[in-house]
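**Q** Next come a sequence and a model predicted from it.
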Amino acid sequence: MKIPTSLKHKPVIVSENYENVDGRYAYKTDAKGISLGLAQWNDRGKVDVSAKVWRHTGGKWSRQSEELPLHRVLDLAIMVCRTKLYFQDAYRHEKLYDPENPVIDRVGLQGDAMTVSVCTDNERIDEDIQLFNQALSDDGELIGERLRTLSRVLKEMGY
């Protein structure tokens, strides 16, 4: 499906067949495309690049399409990687986490650190973390394929 170019987000790099590779939603998703382009929140003289997931209801482009600055996309990727690494050993904790120390990691960024932790404010965390762990395991092949691809591309880039 062709991504619109007349809206506020201006696509520059696109994948217009994203619906075919959208994880377990492939071929039955409303996420029809993804793009990197000029952000819709740009002001005169200030240009930001953003990533966008284009959703289509079947009749029109959805207002639920998401646009994120690239640094947030990468921060989410870092969080996914750190979470996957954490859950490799989470079985060592009776509840899959330590209630006394829910911090998974502090990832240094921009002179500070992004704290990644188990959300102990969630009143159903003991149940939800079990469900999360199972879903992460069930999607292991899909996520693993993407992480291996990301690793290969990062190595090609010299990282």
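**A** Yep, that arrived. Numbers count the residues shown, from 1 in each chain.
**Q** How about the contacts made by the residue nearest the centre of the chain?
**A** Geometric centre of the chain, nearest residue: L76, 5.0 Å, by CA atoms, centre = their mean. Contact analysis of L76 by CB atoms under 8 Å, 6 or more residues apart in numbering lists L68. In short, each C-beta sits where N, CA and C put it, glycine included.
**Q** Distance from the helix or strand it falls within to the middle of the chain?
**A** Assessed by DSSP states H and E, L76 sits inside helix 70-89. Mean-position distance between helix 70-89 and its chain equals 8 Å (CA atoms, centre = their mean, to the nearest Å).
**Q** Also stretch 141-159?
**A** A distance of 14 Å separates the centroid of the chain from that of stretch 141-159, by CA atoms, centre = their mean.
**Q** same thing with stretch 99-116?
**A** Using CA atoms, centre = their mean, the offset of stretch 99-116 from its chain centre is 18 Å.
**Q** For that stretch, give the mean pLDDT please.
**A** Regarding stretch 99-116, the rounded mean pLDDT is 95.
**Q** would you put the C-alpha positions of that stretch in CSV?
**A** Extracted as CSV, the C-alpha positions of stretch 99-116 are listed here (Å, rounded to 0.1, in the frame of the first residue of the first chain):
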residue,chain,number,x,y,z
PRO,A,99,11.0,-7.0,44.8
GLU,A,100,13.8,-5.4,46.9
ASN,A,101,15.8,-4.4,43.8
PRO,A,102,13.6,-4.1,40.7
VAL,A,103,16.3,-2.2,38.7
ILE,A,104,17.5,-4.2,35.8
ASP,A,105,20.1,-1.7,34.5
ARG,A,106,21.1,1.9,34.3
VAL,A,107,22.1,2.6,30.7
GLY,A,108,24.4,5.6,30.3
LEU,A,109,23.1,8.2,27.9
GLN,A,110,23.9,11.9,27.4
GLY,A,111,25.7,12.3,30.7
ASP,A,112,22.9,10.6,32.7
ALA,A,113,21.4,7.1,32.7
MET,A,114,18.1,5.6,31.5
THR,A,115,16.9,3.4,34.3
VAL,A,116,15.3,0.1,33.1
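**Q** which parts of it are buried?
**A** 104-105, 116 (16 or more other CB atoms under 10 Å).
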